[in-house]
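J.: Using only what follows, build the 3D model:
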Amino acid sequence: MWCDTTPRHLAGPGDPRHVTQALRAAGWKNFGDPDFPHVVLASPDHQHTLVLEPVPETYGSWWRISSTPWGGWHASFGANTPAEVIAGFTDALLRPTPESAPDIWPALQAAGWTYERDERGNEHARHPDGITTMERSATLDSDHFAWTAEVALPTGLGGHTRLWHAYFDDRTPDHLLAGFAAALVDPAPVSRGRYDVPHSHLVTQVERGAQGDQLAAAHDARLKAIRTAARKARRASALTTHPASAPGAETTMPAPRSR
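T.: Purely as a prediction, here's the structure:
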């Protein structure tokens, strides 16, 4: 029985195919070893890679996404990061880069998160639940900034245990971070099996959500839309790279002169 589960940021990992099959639909190729439990995807232009590799530590980075040129960016996500939230990041990677860089914080503030900035330029936002945060901060011994997002559950002894964690270096494009933030605060429920969540007391599950065939149809529609968008992008790129000749611009042979 599938349930509408809210809030999505506490709903657990979900189905990784929500991310991986979307990238495959956009033309990414799988270079993983079929005899090893991991997925290695590369974009058609070989500029970006995604690795999904389970590790023994539950809270380790199972997902790793990066741009491959020297000096590129890197992002990673823990095992329990909801696939729908990761897809906010990867779906943005499939879309054209916007002309102006979006601001990440307004989306969080509009969803009721508190926002603070200190004198060093560190920025921090906290969800009303008190356990979910997103921040851009420098290390104590340098001015190198990095982005993090996490859900940290109190242990009752003054400490915290991490449910999931995401990391983005400061070279990560703003529109990808904005896509992640928008998916993180999206109030729409996600589909999970009854109690198929890390902590059932943190979420609300309603058994009137989409079921089997409906979920499959919605996933197929998502992949179809991504394939269509990818084909349009490839055609637009081809026209830009090899523009068609303008009408009437064909070279004509001069007519022979009469003797």
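
J.: Roughly how far does residue 230 sit from residue 72?
T.: 22 Å (Cβ to Cβ, to the nearest Å). All C-beta atoms are positioned from the backbone trio N, CA, C, and that covers glycine.

J.: same deal with residue 176?
T.: Distance of residue 176 to residue 72, given as Cβ to Cβ: 12 Å.

J.: When these two are compared, which one has more neighbours?
T.: Set residue 176 next to residue 72 and count neighbours by other Cβ atoms under 10 Å: residue 176 wins out with 23 against 14.

J.: Please identify the helix or strand for the more buried one.
T.: In the assignment (DSSP states H and E), residue 176 maps to helix 174-185.

J.: mind listing what's buried in that helix?
T.: In terms of neighbour count (16 or more other Cβ atoms under 10 Å), helix 174-185 has its buried residues at 175, 176, 177, 178, 179, 180, 181, 182, 183, 184, 185.

J.: Please name every helix or strand in contact with it.
T.: helix 83-94, helix 105-110, strand 145-154, strand 160-169 (3 or more Cβ pairs under 8 Å, 6 or more residues apart in numbering; DSSP states H and E).

J.: tell me the most buried of the ones you listed?
T.: helix 83-94 (a mean of 23; mean count of other Cβ atoms under 10 Å).

J.: separation between the spatially closest residue to residue 153 that is not a sequence neighbour and residue 90?
T.: Using Cβ to Cβ, 6 or more residues apart in numbering and skipping residues adjacent in sequence, the residue nearest residue 153 is residue 161, 5.3 Å away. Here the criterion is Cβ to Cβ. By it, residue 161 lies 27 Å from residue 90.

J.: Residue 83 now?
T.: 10 Å.

J.: again with residue 23
T.: 6 Å.

J.: Now do the longest helix along the chain against helix 83-94, angle only.
T.: Counting residues, the longest helix found in the chain (DSSP state H) is helix 212-241. Put simply, helix 212-241 runs at 20 degrees to helix 83-94, going by axes from the mean of the first three to the mean of the last three Cα atoms, to 10 degrees.

J.: what's near enough to touch residue 75?
T.: Residues near residue 75 by Cβ atoms under 8 Å, 6 or more residues apart in numbering: 64, 65, 66, 89, 166, 167, 168, 169, 172, 176.

J.: Tabulate those (TSV), appending distance to residue 38.
T.: Below are these laid out as TSV (distance: Cβ to Cβ, whole Å):
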residue	distance to residue 38
64	10
65	14
66	15
89	19
166	19
167	19
168	21
169	22
172	22
176	22
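
J.: pLDDT at residue 243, what is it?
T.: According to the prediction, residue 243 has pLDDT 55.

J.: quick one: low-confidence ranges for the stretch 101-250 of the chain?
T.: Applying pLDDT under 70 to the stretch 101-250 of the chain flags residues 140-142, 209-210, 240-250.

J.: Name the nearest residue to the spatially most central residue of the chain, ignoring sequence neighbours.
T.: Geometric centre of the chain, nearest residue: residue 89, 1.9 Å, by Cα atoms, centre = their mean. What sits nearest to residue 89 in space, not counting adjacent residues and going by Cβ to Cβ, 6+ apart, is residue 180, at 4.2 Å.
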